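> task: produce atomic coordinates for the following.
(one chain, ligands or ions: 1)
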Amino acid sequence: MKKINIAIDGPSAAGKSTISKKLANELNYIHLDTGAMYRCAAFKAIKNNIALDDEEALCEMLDETNIRLTVDGLVYLDDEDVSLLIREDEISKAASDVSKINGVRTKLVSLQQDMAKDKGIIMDGRDIGTVVLKDAELKIYLTASCEARALRRYNQNKENGILSNDYETILQDIKDRDYQDMHREHSPLRKADDAIEIDSSDLSIEEVVQKALELVKPLVEE
Ligand code: DC
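Next comes the predicted model:
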């Protein structure tokens, strides 16, 4: 079977990571959650008292930073397991803030493109189909209503033992973050012209995975 690259973009909490992970398992591909990289940048900046809009300091910090994503979904920042810490609501907001900075994007995008050289990668984020992997063989734009996404994030937080915010606050955060991610100057979130949109509001995870697999099938057959 031919190996391809798959780009999955969409707003926060649309299920990109969950779907990408399952697809990667089915296809024996590598999954790269690029949002985790922006979250690591935000987490380390906060820890080091670096302002989230200080481009020079953020870039210097990233030059001295090692981010490692394991195949089983763990995230290591300079060898510390931060998998759960970076999922806090405060970090979600901060990640959106640092992702506006062009220098930060340039550094992370270059790392991401490097990892996709050998094909067989599923990358999820906001700019994968439009910037990082413009030539990906399959581009999916995964979306869902704000309410469905807020409910998922609320339940996910509960499962992870993160009980910081109620549903209404999460819903407002999601709306604010959508606005910020879609209206920033550099690489705003948008559907690539050649991406296929899947609305997951009323679909189960399995249904979305099946839809995606149907799109993959003709592309990998030799
Ligand atoms: O997917 P996520 O919620 O973990 O992403 C966190 C933030 O990082 C999100 O608000 C936007 C930003 N991001 C980005 O700008 N580009 C990407 N490829 C991935 C995430």
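
> for the ligand, what are the nearby residues on this structure?
Residues of the chain lying close to the ligand by Cβ under 6 Å from any ligand atom are 12, 34-35, 38-39, 92, 95-96, 99, 125-128, 177, 181. (Each C-beta comes from the backbone N, C-alpha and C, glycine too.)

> repeat that with 8 Å
With Cβ under 8 Å from any ligand atom as the criterion, the chain meets the ligand at residues 9, 12-13, 16-17, 33-39, 42, 92, 95-96, 98-100, 105, 108-109, 112, 123-128, 132, 177, 180-181, 184, 187, 189.

> restricted to strands, list those residues.
Using DSSP state E, 9, 33, 123-125 are the members of the residues of the chain next to the ligand that sit in strands.

> tell me the one of these nearest Q156?
Closest approach to Q156 among these (Cβ to Cβ): D33, at 13.8 Å.

> return the residues in contact with the closest one.
Going by Cβ atoms under 8 Å, 6 or more residues apart in numbering, D33 touches 17, 20, 69, 73, 75, 124-125.

> need the helices for this protein, in chain order.
16-27, 34-47, 55-63, 89-98, 102-115, 146-159, 167-183, 205-220 (DSSP state H).

> gap between the spatially closest residue to G15 that is not a sequence neighbour and the ligand?
Of all residues not flanking G15 in the chain, S200 sits nearest, at 5.2 Å (Cβ to Cβ, 6 or more residues apart in numbering). Computed as Cβ to the nearest ligand atom, to the nearest Å, the S200 to the ligand distance reads 15 Å.

> circling back: from the ones in strands among the residues of the chain next to the ligand, pick the one nearest the ligand.
Each of those was checked against the ligand using Cβ to the nearest ligand atom; the closest is G125, at 2.4 Å.

> just the pLDDT for that closest one.
Predicted confidence (pLDDT) at G125: the value is 96.

> list the contacts for it?
Here G125 is in contact with 8-9, 16, 33-35, 112, 132 (criterion: Cβ under 8 Å, 6+ apart).

> please redo it, this time with the cut-off set to 10 Å
7-10, 16-17, 20, 32-38, 99, 108-109, 112, 131-133, 187, 189 (Cβ atoms under 10 Å, 6 or more residues apart in numbering).

> re the thing from before, count of neighbours near the residue nearest to G15?
S200 has 23 neighbours, counted by other Cβ atoms under 10 Å.

> just the pLDDT for it.
Model confidence at S200, given as pLDDT, is 95.

> over to it: give its phi and psi.
phi -100, psi 10 (degrees, to the nearest 10).

> what does D79 give?
Dihedral pair for D79: phi 70, psi 10, per degrees, to the nearest 10.

> what about it, distance to T65?
11 Å (Cβ to Cβ, to the nearest Å).

> so between these two, which is more surrounded?
More crowded of D79 and T65, by other Cβ under 10 Å: T65, with 16 against 7.

> still on that earlier bit, flag the least confident of the contacts of D33.
For the contacts of D33, the model is least confident at G73; its pLDDT is 85.

> which residue is the nearest non-sequential neighbour of that residue?
Spatial nearest neighbour of G73, excluding adjacent residues (Cβ to Cβ, 6+ apart): K21 at 6.4 Å.
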